[in-house]
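# okay, here's the prediction I keep looking at, along with the sequence it came from:
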Amino acid sequence: MIRQYDKIKDMDLSFETKLVDHKINEMDTGRDLTQCICHVDMDAFYASVEELDDPSLKEIPMAVGGMHMLCTSNYKARQFGVRSAMPGYLALKLCPQLKIIPLHFPKYRAASAKVRAIFAKYDPSFLPMSLDEAYLNLTNYLSTSELTPEQLVQQIRDEIQQETQLTASAGIAANRMLAKICSDFNKPNGQYFLPMEREAIMKFTSNLSIRKVSGVGRVTERVLQTLDVKTCGDILHRRAILYRLLSPISFQFMLKCYLGLGSTNFNLESDRKSISVERTFSALSKPDDLYRKVDELAELLAVDLGRNQIQGGKTVGIKLKLTSFDVRVRSKTYPSYISKKEDIARIVKELVQKELPVSIRLMGIRLSSLPPKVDDDHGVKKYFKKRKNTDAGEEQPRKISTVPSSPVSVLTSTSVTPDTHLTASIAANENAPSIVAVTCPICSRSLALDNHQFNQHLDECLNKVTVKAILQQQQQNQSPPQDQTQGRSLLDYYR
DNA sequence: ATACATACC
DNA sequence: TACTGGTATGTAT
């Protein structure tokens, strides 16, 4: 990617900038500020539950988990650098006095149930993310109450503390992405309210470390750092470069970060794409042992399928982690849906067999290519539910990576007007709202339009059908483009 | 369609 | 002793 970057960093990207600005404007205008979303996060949940049972644990550094992995640590332990997701033995090196408590899931589930009962009072369709974390849509409740969002959330947190003697932190904002970030701001036992207003949100994101955004991990952070993007606000300055370097999905996610856009939709189950189970164990290599594992996992997966009301999947996959820690993933797709545990086991065994001989410490099996979710809604409701609207996008960011090249050059390369002319025209347009002759980069037509009209024209031009048609036409009319992949990203935006 | 990588908790 | 474990999904080939 660095090479790609070097190649384009000195190029004239004013057209890309224009295109991206158009997109930004569109997204900004479509912003939904009508919802009040709250993210509640219990403080050091498992550790706090353990402290309830044994208050003496509060006085010492303590963590919950095992030698292989810790799930949570109390705040005393965090002072030593003991974190969740850290192997216990390593934590002991940092903090030899650390007391490690084994997991007691039934207790955590019981505590979680109490908390969830409270959530349900304020939002019956609250969205639990794990035992200790949930999103609430407070819009409805607030509309029937005199309380401000902050007062309401304070009340909810008070209630949690009364009922469970556990503390929670919360974030209140216009969407899930922002609420999640806010819940981290005054942790532990605090809350942060980000008003559901455009200006407040833009100010908030402008200085917000990109790493705070859920979905941006260590790797992505580093990649972005290379491009001088540290905060969500930085994305604006680098928008043209990002547009050229990132995949359409990643780029759109970047724009959402910049604008502080996120989902307000709580229906996660609707677009699940796969279901899987995996287990780690002490090294196995005898085929019989492996096949026994397959049967165990197939059983678990079949149960999970039933519990989630999933009919089956056409693709069956395995994951093997060798004792060398290498990971192998294999899969096979069938014309019909696989769901019975016997069928799963049989296919998985075939896949495993091809990998023999192996010595593994983990086996996972997966079903994907799931059937489209059956909509059991009757009546008019479904017409509202089904709309996979433009923005409905969950927080689905993940992989940042390069896209081979930009679609723009292939589009402009066919236009009668050279790039330089085009950008000059647009630039002229910028400062003088008068009518200027431009060549539309999409349809190549010469147009006499003012800035507003030009944008409107872009709108019309930039829809799936038009773009597809044009790309097709270009492929016919033109000697093969230097780069076959070029049409891709632009199409993907409007798919 | 398949393999691999990153992220979250 | 020991670098987690379970699930989802984006991206490259």
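Done, it's in. Numbers count the residues shown, from 1 in each chain, chains lettered A, B, ... in the order given.
# does A:L166 belong to a helix, a strand or coil?
coil (DSSP: H, G, I helix; E, B strand; the rest coil).
# how about the residues of the stretch 101-250 of chain A by DNA strand C?
A:246-250 (CB under 7 Å from any atom of the strand). Bear in mind the C-beta positions are built from the backbone N, C-alpha and C, glycine included.
# which one among the residues you listed gets closest to DNA strand B?
A:S250 (10.4 Å; CB to the nearest atom of the strand).
# quick one: the closest one from A:T205, how far?
17 Å (CB to CB, to the nearest Å).
# more neighbours, those two?
Applying other CB atoms under 10 Å to A:S250 and A:T205 shows that A:T205 carries more neighbours, namely 26 against 21.
# and that one, that's in a helix?
Yes - under three-state DSSP, A:T205 falls within a helix.
# surely it is in contact with A:C257?
Yes - because the distance of 6.9 Å satisfies CB atoms under 8 Å, A:T205 is recorded as touching A:C257.
# common neighbours of these two, please.
A:C232 (CB atoms under 8 Å, 6 or more residues apart in numbering).
# state the pLDDT value of the residue lying closest to A:K76 once chain neighbours are set aside.
The shortest distance from A:K76 to any non-neighbouring residue, by CB to CB, 6 or more residues apart in numbering, is to A:P61 (4.4 Å). pLDDT, A:P61: 94.
# okay, A:P61 and A:D10: tell me how far apart.
53 Å.
# these two: which is more packed in?
For A:P61 versus A:D10, neighbours defined as other CB under 10 Å are more numerous around A:P61 (22 against 7).
# so what's the more buried one up against?
Here A:P61 is in contact with A:73-74, A:76-77, A:79-80, A:82, A:95, A:97-99 (CB under 8 Å, 6+ apart).
# also A:Y141?
A:Y141 touches A:122-123, A:152, counting by CB under 8 Å, 6+ apart.
# between those residues, which sits nearest DNA strand C?
A:D123 (22.2 Å).
# test my guess that the closest one contacts A:L136.
Yes - under the criterion of CB under 8 Å, A:D123 makes contact with A:L136 at 4.2 Å.
# could you check which of the two has the larger neighbour count?
Between A:D123 and A:L136, counted using other CB under 10 Å, A:L136 has the larger neighbour count: 27 against 20.
# that one and A:Y5, how far apart?
From A:L136 to A:Y5 the distance is 42 Å (CB to CB).
# buried set for the longest helix along chain A?
Criterion DSSP state H: the longest helix present in chain A is helix A:287-307. For helix A:287-307, a neighbour-count test (16 or more other CB atoms under 10 Å) marks A:290, A:293-294, A:296-298, A:300-302, A:305 as buried.
# out of those, the closest to A:G190 would be?
A:L300 (39.3 Å; CB to CB).
# right, and the closest one touches A:I275 too?
No - A:L300 is not in contact with A:I275 according to CB under 8 Å; the separation is 10.6 Å.
# A:L147: which of the buried residues of helix A:287-307 is nearest?
So of the buried residues of helix A:287-307, ranked by how close each gets to A:L147 (CB to CB), first place is A:L305, at 42.7 Å.
# measure the closest one to DNA strand C for me?
10 Å (CB to the nearest atom of the strand, to the nearest Å).
# kindly report the same for A:A85.
According to CB to the nearest atom of the strand, A:A85 stands 4 Å off from DNA strand C.
# just give the number of residues close to that residue.
9.
# how about the closest residue to A:L300 other than its chain neighbours, secondary structure?
Spatially, and ignoring its direct neighbours in sequence, A:L300 is nearest to A:V277 (4.7 Å; CB to CB, 6+ apart). Recorded secondary structure, A:V277: strand (three-state DSSP).
# which residues does the nearest residue to A:R83 once chain neighbours are set aside contact?
Leaving aside its chain neighbours, A:R83 sits nearest to A:S73 (6.6 Å; criterion: CB to CB, 6+ apart). By CB under 8 Å, 6+ apart, the residues touching A:S73 are A:44, A:47, A:61-64, A:82-84, A:91, A:98.
# now do A:F266
By CB under 8 Å, 6+ apart, the neighbours of A:F266 are A:125-127, A:135, A:137.
# which residues of the stretch 101-250 of chain A lie near DNA strand B?
Neighbours of DNA strand B within the stretch 101-250 of chain A, by CB under 7 Å from any atom of the strand: A:129-130, A:132-133, A:180, A:213-221.
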